[in-house]
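**Student:** Got a predicted model here, sequence first, then my questions.
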There are 2 protein chains.
Amino acid sequence: MSTQQLIEPRTLKGFRDYLPEVMIPRERLMETARRVYRSYGFSPIDTPALEYLEILAGKGSDETDRQMYRFEHGGRQVGMRFDLTIPLARFAAQHIGKLGTPFKRYHIAPVWRGENTQAGRYREFVQCDFDTIGTESVASDVETALVIHDLLKAIGIERFQVRINNRQILNGLLEQLGLLDRSQAVLRAIDKLEKLGPDVVDEELQRVGGLTAEQAASVLGLCKMNGDSNELLNQLEHALVGNDSGTAGVARLRAIIDGLKAAGVSEDRYRVDVTIARGLDYYTGVVFETLLQDLPSIGSVCSGGRYDNLAGLYTKQHLPGIGASLGLDRLIAAMEQLNQIEKPKTTANVFVPFFDADRLNDYMKLCSVVRRGGYNVEFYPDSKKLGAQLKFADDRGFPVALVAGSDELNAGNCQVKDLRNKSSEVVNWSESSQPLLDAIAKIISSSTTSK
Amino acid sequence: MSTQQLIEPRTLKGFRDYLPEVMIPRERLMETARRVYRSYGFSPIDTPALEYLEILAGKGSDETDRQMYRFEHGGRQVGMRFDLTIPLARFAAQHIGKLGTPFKRYHIAPVWRGENTQAGRYREFVQCDFDTIGTESVASDVETALVIHDLLKAIGIERFQVRINNRQILNGLLEQLGLLDRSQAVLRAIDKLEKLGPDVVDEELQRVGGLTAEQAASVLGLCKMNGDSNELLNQLEHALVGNDSGTAGVARLRAIIDGLKAAGVSEDRYRVDVTIARGLDYYTGVVFETLLQDLPSIGSVCSGGRYDNLAGLYTKQHLPGIGASLGLDRLIAAMEQLNQIEKPKTTANVFVPFFDADRLNDYMKLCSVVRRGGYNVEFYPDSKKLGAQLKFADDRGFPVALVAGSDELNAGNCQVKDLRNKSSEVVNWSESSQPLLDAIAKIISSSTTSK
């Protein structure tokens, strides 16, 4: 092998390796998502990375079709999944008879899109979806908002807000104005409100949407309503009097807001926001976005909504549902910008140097005692100079090292070193491991109080 | 959409969906693996599913080359990874300067092989690898065996045995016999010993390997040595006197056995087994297999060994190492056969029926109280008949239901129902949640004692 020309080690454009300092926090976030999803009774599923092309093609947008990784294998046209929603639709059509409804699933898995990498986009990224299928109940709307709330809170984000809207509200207004057939153009214009301001949107509503100045003013008036959620709902109710769809939409939003309050969610954590449109064709009822108040420009980190019929392409069974997706990579990018994420270089917290080359068995015993006490212990495998080993531990941010030479080992002792403030104490661990575990606990709890 | 022809919902041949009852135990196993790997200071990494074809092609066997999913994308030849070892080699060559050695990583991720599906093989499966790179220390040999041991134990397997060998031992004997150039043929013959018996192997050693009857007897004599690990090592030492490589190999095995004992591993959990060859060309030192004593026929569920140079194709840096891989799917198949795996239908343990349609907010409050108490709570979203809702809970194996109608809710009470033995008690939760949480805990602890 050594005489061969070396192959340059590199990843494909738009793909990336996750080194431990990035993968450790990623795993923590995924574990948090799983824990929160499970706390509401969502169960995990997985589906293949590859599907028949006919399952995937033409089901997303023109863009996802164009970006799909597709190829022939064994005479079959196959594609790599570009989201977790189309696979869920196929999965539900195939298995819902066995699973029954309501069916609550989460799915955390990579998806692939051959995006333009110029835009700083990646071609492989992880989605963390949860959905409730087979019910139109407002209870599931409330629960979806609660899951988003609990998730962001569990991740440790302090300042976030779940924005809630109901597509029926704007549709109600458009119905009142006789403009229901313009809803797509209107939604597209409104979507730009936050970015471009009301004047630009007003102009677009008239020029592209074909609204009169008065109609555009009504639409913008609805979007500009504000106040706390209750006031806003009262204003909306008033504006939509006599319109069934709009009134029902407002009532549903009110039920959601009341449910959140009953569940103990603090009022600054959610807000009714009529300008949220999301997924123009897809969602049919309530929609959610989640903004980070310290970094709103990064966009929504957890979004979703209610849909009428998930799996209509694959089954005649009517399957309404609601769900949302955590944008893992976007959230991590935001937390990095906000300096709210740790980048640990190791999963372990106790370091044991290999000090005396003749005493491997004693170190193995020491490590297993501490490991059984619940700590993650890294033993340095080579009996190099102690200084080099401790530098390795320092570079990786270990808070504690257990140093023992033959004298200590003969006496059943070890030095418990606090690697941050450089203090140390000698502890006996031959009779009972408790004094040692206590000494470690003291250092670790003091070194993590700031986190 | 409804007028369109339906597309048949199906997965590609050799691919499968994981429904909750399969995915829940899979996730638990992967979590256990992560926890054990971390307890030894292994850190997670991830690499892309797709690599440049030149990185993957010609690096495994002819078989992996043939089975690789490969295609052209944007003018580049790409392939889907078929294991986690080649990506680790590429990763190490690319990043080891930044990461430093020893580098301990784990990687749990799907791989793809276009296998013959007739054999009941799947084309997508998850590997759970851990490796220590950049050291030749025996300490890492001991640790690798300890990780395998702790992993199987943490998964809850009672009867397993880690079989340990060192490739140097047989090489030493072959050197003594002047047969070092026949080692591949000899290893291939020995590999069949357990399945086909000594007569067949004897014949093959002579016919294919070209050994004399006496030489074949020496090789078989080495393989047939038995006794406990210490006796066996003494016999091996004696048989290999005067041969440096063989003697060093025995000494290393002895150090590993001593290390396992020092770490407190029970002696029936490991055994020196000279017949284990594994990965003919790849491994150069100690090798491991793990047998389930109640189902040895399924083969090794966790295997690995030491290699000389991981990344020689991609870098001039010499990177020795050692690692092993948990065969997740094989282990799950074995646990299914042994009836040692649960197949839960839900992640939640507390079920709350939607009994009174007008009291959604009270149920939301009740659920959040119980959830904050640490339980996974599923609320039924539709206010159907109570019997239908409780049947839903029964079908999914919930141990507890909290039933409350308007009378209970008005009094701040709920009925805590034990769904297994059908008993129930009324508990007040309006003043403090503790009595309710205690009543739930009592039922859940009694329903899980058998697990």
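**Tutor:** Received it, and whenever you're ready, just let me know what you need. Numbering: from 1, shown residues only, chains lettered A, B, ... in the order given.

**Student:** And the residue nearest the centre of chain A, how close does it get to chain B?
**Tutor:** By C-alpha atoms, centre = their mean, chain A has its centre lying nearest to residue A:326, at 3.0 Å. With the distance defined as C-beta to the nearest C-beta, to the nearest Å, residue A:326 ends up 17 Å from chain B. Placement of C-beta: from N, CA and C, glycine included.

**Student:** For beta bridges, what are the partners of that residue?
**Tutor:** In this entry, residue A:326 is beta-bridged to residue A:128, residue A:302, by DSSP bridges.

**Student:** if I pick it, what's in contact with it?
**Tutor:** Residue A:326 sits next to A:33, A:127, A:128, A:129, A:151, A:301, A:302 when contact means C-beta atoms under 8 Å, 6 or more residues apart in numbering or on different chains.

**Student:** how about 7 Å then?
**Tutor:** Counting by C-beta atoms under 7 Å, 6 or more residues apart in numbering or on different chains, residue A:326 touches A:33, A:128, A:151, A:301, A:302.

**Student:** Report pLDDT for it.
**Tutor:** For residue A:326, the model assigns a pLDDT of 96.

**Student:** Helix or strand for residue A:323, just tell me which one.
**Tutor:** strand A:321-326 (DSSP states H and E).

**Student:** quick one: the helices in the stretch 51-200 of chain A?
**Tutor:** For the stretch 51-200 of chain A, the helices defined by DSSP state H, counting those that start in this stretch cover A:53-56, A:62-67, A:85-99, A:138-155, A:167-176, A:183-190, A:193-196, A:198-207.

**Student:** in the second one, what counts as buried?
**Tutor:** Of the residues in helix A:62-67, those with enough neighbours to count as buried (16 or more other C-beta atoms under 10 Å in any protein chain shown) are A:64, A:67.

**Student:** any bit of it sitting next to chain B?
**Tutor:** No. Using C-beta under 7 Å from any C-beta of the partner chain, helix A:62-67 never reaches chain B; the gap is at least 10.7 Å.

**Student:** For that helix, give me every contacting residue.
**Tutor:** With C-beta under 7 Å, 6+ apart, helix A:62-67 has contacts from A:57, A:58, A:82, A:113, A:114, A:115.

**Student:** May I have the secondary structure class of the closest residue to chain B within the stretch 251-400 of chain A?
**Tutor:** Going by C-beta to the nearest C-beta, chain B is nearest to residue A:378 of the stretch 251-400 of chain A, at 2.9 Å. What DSSP: H, G, I helix; E, B strand; the rest coil gives for residue A:378 is strand.

**Student:** what sits opposite it in the beta ladder?
**Tutor:** Using DSSP bridges, the beta-bridge partners of residue A:378 come out as residue A:351.

**Student:** Please list which of the contacts of helix A:62-67 are also close to chain B.
**Tutor:** residue A:114.

**Student:** Who wins on neighbours among the contacts of helix A:62-67?
**Tutor:** Of all the contacts of helix A:62-67, residue A:82 has the most neighbours under the rule other C-beta atoms under 10 Å in any protein chain shown, reaching 25 neighbours.

**Student:** Would you confirm that that one contacts residue A:112?
**Tutor:** Yes. With contact defined as C-beta atoms under 7 Å, residue A:82 counts as touching residue A:112 (6.3 Å).

**Student:** Can you tell me which of the contacts of helix A:62-67 lies closest to chain B?
**Tutor:** Among those, residue A:114 lies closest to chain B (C-beta to the nearest C-beta), at 6.6 Å.

**Student:** Next up, the contacts around the closest one.
**Tutor:** Residue A:114 neighbours (C-beta under 7 Å, 6+ apart): A:67, A:69, A:123, B:73, B:74.

**Student:** got the residues you listed as a markdown table, with pLDDT columns?
**Tutor:** Shown next, in a markdown table, are the contacts of residue A:114 (pLDDT from 0 to 100):
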| residue | pLDDT |
| --- | --- |
| A:67 | 92 |
| A:69 | 96 |
| A:123 | 95 |
| B:73 | 92 |
| B:74 | 88 |
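
**Student:** Return the closest of these with respect to residue B:95.
**Tutor:** Using C-beta to C-beta, residue A:123 comes nearest to residue B:95 of the contacts of residue A:114, at 19.8 Å.

**Student:** Give me every residue in the stretch 151-300 of chain A lying close to chain B.
**Tutor:** A:255, A:258, A:259, A:262, A:263, A:264.

**Student:** So chain A: which segments form each domain?
**Tutor:** Domain ranges of chain A: A:20-337, A:350-447, per automatic domain parsing.

**Student:** Quickly, which of those domains bottoms out on average pLDDT?
**Tutor:** Per-segment mean pLDDT for the domains of chain A reaches its minimum on domain A:20-337, at a mean of 92.
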